[in-house]
Each structure stands twice: as C-alpha cells, then as structure tokens.
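Chemist: Sharing a model prediction with you, sequence too.
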Amino acid sequence: MKALNKYGGFAALYLAMAYLIGISLFLVVLDYPSITDAAQKVTLLVEKQSIIFGTNLLMYVFFGIFLVVLSLTLYERLKSGMTAVTQVATVIGIIWAGSLIASGMISNAGIAPVVALHAKDPAQAALLWQGIEIVSSGLGNGNGEILGGVWTLLVSWAALQTGGLPKGLNILGLLAGVVGILSILPGLTDLTGLFGISQMVWFAWLGIVLLRTSDKGSIK
C-alpha cells in the first residue's frame, strides 16, 4: 500500500504540474482563447504545431494515464469505508481519463493532415480543423467539467466520511467538484477555469499527502 501511495502521490503532483504548465502554454504562449476565427486557428497550428502537439500530450494523453494511476490509488485507500461510492468514483475517474486521452490523440492525429492541406487549400484546412476541434473538445470536456467534477466530488465525499484524507483537502475537493458540475450548465461554462485552478491546488495537496503517507504511514 505504501508503494501504491507513492505512485499515486507522484501521479497527483504530475496532474497539478500539467495544469500549471498547460494553462501557461495555452494562455500565454499560444494565447488560444483570444483566437476565435477558424482560419486564424489553423495559421497558429501551422506556426506552432510542435507546441500544440506537446501541450495535447501533457494536458490530455499523459494526464489521462496518470489519472488512472491516481484513481486506483484512491480506490485502494478509501474502499474499506464507502465501497459503493468509491467504486462509482473509480469508474468515473477511468472514464474521464479515457475521454481525455482520446481527446488529445484525436487532436494530435489531425495536426499533420490539416497542416498539409493548409498549403494547398487554407479554407478547407480551416473547415477540417474546426470539425476535429469540435470532437476533441467534446471528449475533453470543453463544454463543462462534469466528469472531473463528479469524480472529485465523490472521492472527497468518501474521504470525508472515512477520514482517509485530511478534512481541509476534502472540503476543497467538494467545492471544486461542485464548481466542475455547475460548469456544464448553459452560461456557466466559464467556471471551468475556476475548476481547473481549484483542482490544481487539490492535486498538489493530495500528492503531498500521499507521498507523506508512503513514508510515514496513515495521515488524517
């Protein structure tokens, strides 16, 4: 169990780091939210395809893989107290991980064909990338963090009831989970940003707790 806590701790810290680096790349380096025109998005893709490819790997593909590790770690830690809730949370966590991996892989698979098409027909390239982006965004919870919100909420609820994690961490997780769920509602999609920031802090705190547990035993 100590070894599993260590793996889960490193996984949680990676997820926090991926949020921080990914958000910085997305907002500062790429300035992606300010680009709404499909043609401009493809131009950015052509100019910075390596950065976009790497960002997708970091924030979606690798994120999903490490999320599976963390989900299984938390299942083992919490299963003795609230088995049903923990089981549901674990399944949702793995579904969320799978959707993120698929989102990143679809987006990255579309980069080369779109860049090649752009050299011949920029308008068609813009239409193709627009279609790819819709599918990728849907899989990546671009229309609201329902999967991440439910997973964080259920994990935090189970941990709060069983004492498997510190109380303050659980309260933060409950709040982050509620924000994530609310972000699925029309007009509240901008809450995804608040969810991301709050979950980044939650992941970092959780990682430290799990690593300390792997070294010193149970921590409440």
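Modeler: Cool, the structure landed. Numbering: from 1, shown residues only.
Chemist: Going by C-alpha atoms from here, please, whenever you check contacts or count neighbours.
Modeler: Fine.
Chemist: Check which helix or strand the closest residue to I197 other than its chain neighbours maps to.
Modeler: Nearest residue to I197, sequence neighbours excluded (C-alpha to C-alpha, 6 or more residues apart in numbering): Y19, at 7.9 Å. Here Y19, judged by DSSP states H and E, is contained in helix 2-24.
Chemist: quick one: buried residues of that helix?
Modeler: 2, 4-20, 22-23 (16 or more other C-alpha atoms under 10 Å).
Chemist: One more: stretch 80-98?
Modeler: So, applying 16+ other C-alpha under 10 Å, buried residues of stretch 80-98: 82, 85-87, 89-98.
Chemist: Identify the residues contacting that stretch?
Modeler: 63-65, 67-68, 71-72, 75, 78-79, 147-148, 150-152, 154-155, 158, 161-162 (C-alpha atoms under 8 Å, 6 or more residues apart in numbering).
Chemist: Quick one, which of these are buried?
Modeler: For the contacts of stretch 80-98, buried by 16+ other C-alpha under 10 Å: 63-65, 67-68, 71-72, 75, 78-79, 147-148, 150-152, 154-155, 158, 162.
Chemist: Which pLDDT does the model give S137?
Modeler: What the model reports as pLDDT for S137 is 89.
Chemist: in the protein, which spans are helices?
Modeler: Along the chain, the segments classed as helices by DSSP state H run 2-24, 38-47, 49-56, 62-78, 83-118, 122-139, 146-162, 167-182, 191-216.
Chemist: How far off centre is the fourth one?
Modeler: In other words, helix 62-78. 12 Å (C-alpha atoms, centre = their mean, to the nearest Å).
Chemist: next one: stretch 112-129 to chain centre, how far?
Modeler: Relative to the centre of its chain, stretch 112-129 is centred 28 Å away, using C-alpha atoms, centre = their mean.
Chemist: can you pull the contacts of the closest residue to T55 other than its chain neighbours?
Modeler: In this structure, T55 finds its nearest non-sequential neighbour in G22, 6.1 Å apart by C-alpha to C-alpha, 6+ apart. By C-alpha under 8 Å, 6+ apart, the residues touching G22 are 55, 58-59.
Chemist: So for G22, what pLDDT did the model give?
Modeler: On the pLDDT scale, G22 gets 86.
Chemist: Can you pull out the low-pLDDT segments for this protein?
Modeler: 1, 214-220 (pLDDT under 70).
Chemist: Do I have it right that the residue nearest to I197 meets G193?
Modeler: No. Counting by C-alpha atoms under 8 Å, Y19 does not reach G193; the two are 10.7 Å apart.
Chemist: residues contacting the residue nearest to I197?
Modeler: Counted by C-alpha under 8 Å, 6+ apart, Y19 has contacts 59, 196-197, 200.
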